[in-house]
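S.K.: sequence plus the predicted model coming up.
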Amino acid sequence: MLRSAILAASRSPQMRTLVEKLPPTRAIVERFVAGEPLDAALAACDELTATGRRATLDHLGEDTRDAAQAAATAAAYEKLLEALKETGLAQHAEVSVKLSAVGQFLPQDGEQVALENARRICTAAADAGTTVTLDMEDHTTTDSTLGIARQLRADFPWLGVVLQAYLRRTEADCRDFSGPGSRVRLCKGAYQEPASVAFQKKDEVDRAYVRCLKVLMAGEGYPMVASHDPRMVKIAGELAERNGRKADSFEYQMLYGIRPEEQLRLARSGATMRVYLPYGQEWYGYFMRRLAERPANLAFFLRAMATR
Ligand code: FDA
């Protein structure tokens, strides 16, 4: 119930205005978001790489209905990739992109605009010597996002995609995307989805996650295990071993600010550990999904409000 209410609020412009105005919000947001300017993101990225972690940077934004805004987001990614190249951080950092931030929902030719903007970003990533992963949004976008990914992969075979284990279709998608060179970030899924398309109970989602992991680990691609769940992390390690995978043939991924000690432990153990690092002004939707994920995150937020 609470999760549904917070996820509904994550898409409400009225709630957005309200939450953005709450005095303690900024300090709390900083727990999950690197900051607003590019410099803040680069500094956080530098800190992560200095401790043996890799990064995937997300210039925050989603759901744009404005072509100029979509183009501006693509330009921001080009600037980010140029900076990663110049600073040498591109060796350890890639970028993550939401297609809805680069035009997928535009009323006219949205998919085409998103494809062209994503192509600009992939070209800049290739020039910087790094990669791009397409985030996955709610289930109404899955076919469109995978379709655009397939087109981009013809020119940028290293392009990664996110698959969400809570969707009933995902085990089959994992099979489709487990071929040579394929990079799949497997997460549980963060949106409010109907039972017709998604598992609803936590244990069903967890079991689906393990089934998908089995497909990806046995496949020929590069699995990216995006979870903070200690059970999933353990099972991923066991499956990697069972499939004879070396540490450089798969990676663990966690979100910025979540389980940093575990991130460091995995990195020190010799595993590849990447941190999803969001930055920029458009933090509202991302932040609300983090609150919805975990009662402790919400409690932290409410406590901070109460002490002001
Ligand atoms: P889950 O939330 O089920 O928690 C299981 C256990 O993990 C908890 O019981 C606890 O032990 C531990 N845990 C979780 N959060 C913790 C915390 N804050 N502190 C301490 N322990 C904690 N989603 C999506 O729909 N599209 C996308 O593109 C992405 N992209 C993405 C990238 C990356 C790198 C990550 C890590 C995640 C995403 N997600 C996502 C979000 C994802 O779908 C999911 O909502 C969250 O990762 C939460 O699910 P978990 O697997 O972490 O476990």
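M.R.: Structure received.
S.K.: around the ligand, pick out the residues from the stretch 1-150 of the chain.
M.R.: 135-136 (C-beta under 6 Å from any ligand atom). Where you see a C-beta, it was placed from the backbone N, CA and C, and this is true even at glycine.
S.K.: try 8 Å this time
M.R.: Residues of the stretch 1-150 of the chain lying near the ligand by C-beta under 8 Å from any ligand atom: 56, 96, 98, 135-138.
S.K.: hmm, which two among those are most spread apart?
M.R.: Greatest spacing in these, by C-beta to C-beta: T56 and D138 (20.6 Å).
S.K.: so between those two, which is more surrounded?
M.R.: T56 (26 against 18; other C-beta atoms under 10 Å).
S.K.: name the residue of the stretch 1-150 of the chain with the shortest distance to the ligand.
M.R.: D135 (3.5 Å; C-beta to the nearest ligand atom).
S.K.: do you know the pLDDT at that residue?
M.R.: Confidence at D135, expressed as pLDDT, is 98.
S.K.: that one touches V97, doesn't it?
M.R.: Yes. Assessed by C-beta atoms under 8 Å, D135 is found in contact with V97 at 6.5 Å.
S.K.: between these two, which contacts overlap?
M.R.: The contact sets of D135 and V97 overlap at D58 (C-beta atoms under 8 Å, 6 or more residues apart in numbering).
S.K.: which one of these two has more residues nearby?
M.R.: Each of D135 and V97 has its neighbours counted (other C-beta under 10 Å); V97 has more, 26 against 22.
S.K.: got the phi and psi for the more buried one?
M.R.: In this entry, V97 is assigned phi and psi values of phi -130, psi 140 (degrees, to the nearest 10).
S.K.: check D229 too.
M.R.: Dihedral angles for D229 - degrees, to the nearest 10 - are phi -70, psi 120.
S.K.: go on, D109?
M.R.: Per degrees, to the nearest 10, the backbone of D109 is at phi 50, psi 30.
S.K.: any idea how many residues pack against it?
M.R.: Neighbours around D109, by other C-beta under 10 Å: 12.
S.K.: check E36 too.
M.R.: With other C-beta under 10 Å as criterion, E36 counts 17.
S.K.: heads up, I number from 27, so please use that
M.R.: Sure, I'll start numbering at 27, so the last one becomes E62.
S.K.: list the contacts of it.
M.R.: Taking C-beta under 8 Å, 6+ apart, one finds 305-307 in contact with E62.
S.K.: give me the distance between it and L141.
M.R.: E62 sits 28 Å away from L141, taking C-beta to C-beta, to the nearest Å as the criterion.
S.K.: same check, this time on E308
M.R.: 21 Å.
S.K.: related to what we said a few turns ago, which one of the contacts of E62 sits in the busiest neighbourhood?
M.R.: Highest count within the contacts of E62 by other C-beta under 10 Å belongs to Y305, 26 neighbours.
S.K.: thank you, goodbye.
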